[in-house]
Structure formats: C-alpha cells, structure tokens
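Q: sharing a sequence plus its predicted fold:
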Amino acid sequence: MENNSFFKPTPLYKEFMILDLIEKNKDITQRHISDELGIAVSMVNKYLDEYEEKKLIKRKKYSTKTVEYFVTKKGIERKRYLNIGYLHSTQKLYDSAKENIVSFLDQMIDKGFKNILLYGAGEVAEILLQTIKTDNSIPINVLAVIDDDKDKQGQYLLTAKVISLDEINQIEHDGILISSYTNNEIILNKLLKNTYSGNKIIQFFD
C-alpha cells in the first residue's frame, strides 16, 4: 500500500500498515515504521508489543538495536481481513466521489459542452479522463489537455495529448474545463487575458 496523507491513520489502518511493512521487510526498524505512519516511535513499540501478545508477529532479538520481525500465520490472516475491510471502505469512498464527478459532467452536457479541452495535466485531469473513459454513459470527448509545462507538452495523459495554450485554435471545441485546484484562478485569468470567451470556461473548482 502506498503512503497516502489523505487518509486519517485509524488504529485498524495502522495495524494493517505495520503488518504489511513487516511482511515486506523483516529487518525494518521501528524508526522506519514511525516515519511511514507519521507516529512516535514509542507508539510503534506499543503496537508491536500488542501484536506480539496477540500472536500476530514474532520478534527475534540479536541485540538491543538489531531485531528481526516476522508476521505469523495468524498475522497474515489478520492482514488479509484488514485488507478486505480497507478495500470495501475505499470502494465506497470512490463510488461517492465518482457520483459527484458524474453529476458535474452531466451538468456540463446539459449546457452543451461535449467536445472539450482540459487545462492542467495533473491528477484531477487524470481522474476526469479515467471517469469518462470507464463510464460509457458520459458522452463527453476530451480532445486534448492544455498545460503550460513544456516538459509535459507533446506527451499523453492516458489517451489525451498534452498541448500548449497556443494550439487550442487548431482544435474545434465547445469549451475548456479547468482541471487544476491549485492554479484554478491563475488559469482562469490567463484564459480571459488571452481573450478566450468566459462563456466557454468551465470551472470544476468554482
């Protein structure tokens, strides 16, 4: 599991992460676990004592500083159970988020935006592209993604080519959806400064 600061580290999440980290690296240190979870080393030691008591892990001490950790058969079964629970919770969160995105896209369609450009080749654009790609009920075509980063221009974000702002006149489109949270206002002002019609600008983060 990748480290993700978006999720609050609940006790169950910490338990899953610690078991997962130990299973992947028996020589892992408490300091490393502490850094991965963002908790104090003293708390890591407390959790390890608890898991050892529950027979989820075993420790083999060579010295006060050299310790190997092993996940037991019971610990592996526990990790699988926690993994299922984690996937179930994240699936519910994903479904809710997707529902909000689809609702927003439906409103765009009602306003006549079907062939669009995205502005901002980041995570938001990728999620929008993935949602449109996997949901056949959304009749929206993303013709390209605009980005001011020259290193991104000419590359592809999923199936959409990344282009510069200067290239938009070469593409017939209904409007531009700003797909950046941090640069939303900057992009909006840049489009307006370039005499792009405000009626054709769609803000996901308005």
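A: Yep, that arrived.
Q: what does Leu93 show for phi and psi?
A: Main-chain dihedrals, Leu93, degrees, to the nearest 10: phi -70, psi -40.
Q: in the host helix or strand of Asn100, which residues are buried?
A: Assigned by DSSP states H and E, Asn100 belongs to helix 73-110. Neighbour-count burial for helix 73-110 flags 75, 78-79, 82, 86, 101, 105, 108 (criterion: 16 or more other C-beta atoms under 10 Å). Using the backbone N, CA and C atoms, a C-beta is placed for each residue, glycine as well.
Q: mind checking how far stretch 66-80 is from the chain centre?
A: Put simply, stretch 66-80 sits 28 Å off its chain's centre (C-alpha atoms, centre = their mean, to the nearest Å).
Q: for it, C-alpha coordinates in CSV please.
A: Taking Å, rounded to 0.1, in the frame of the first residue of the first chain, the C-alpha atoms of stretch 66-80 are listed here in CSV:
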residue,chain,number,x,y,z
THR,A,66,19.2,-5.4,16.0
VAL,A,67,15.8,-7.1,15.8
GLU,A,68,14.0,-9.1,13.1
TYR,A,69,10.3,-9.1,12.8
PHE,A,70,8.1,-11.9,11.4
VAL,A,71,4.4,-12.0,10.6
THR,A,72,2.9,-15.2,11.8
LYS,A,73,0.3,-17.3,10.0
LYS,A,74,-2.4,-15.7,12.3
GLY,A,75,-0.9,-12.2,11.4
ILE,A,76,-1.1,-12.9,7.6
GLU,A,77,-4.8,-14.0,8.0
ARG,A,78,-5.4,-10.8,10.0
LYS,A,79,-3.8,-8.7,7.4
ARG,A,80,-6.0,-10.2,4.7
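Q: switch to numbering from 27
A: Taking 27 as the first residue, the last one we looked at is stretch 92-106.
Q: run through who's touching it.
A: With contacts defined as C-beta atoms under 8 Å, 6 or more residues apart in numbering, stretch 92-106 is touched by 41-42, 45-46, 48-49, 52-54, 74, 77, 80-88.
Q: and if we set it to 7 Å?
A: 42, 45-46, 48-49, 52-54, 81-87 (C-beta atoms under 7 Å, 6 or more residues apart in numbering).
Q: can you tell me which of those residues end up in strands?
A: Counted as lying in strands by DSSP state E, out of these, are 83-87.
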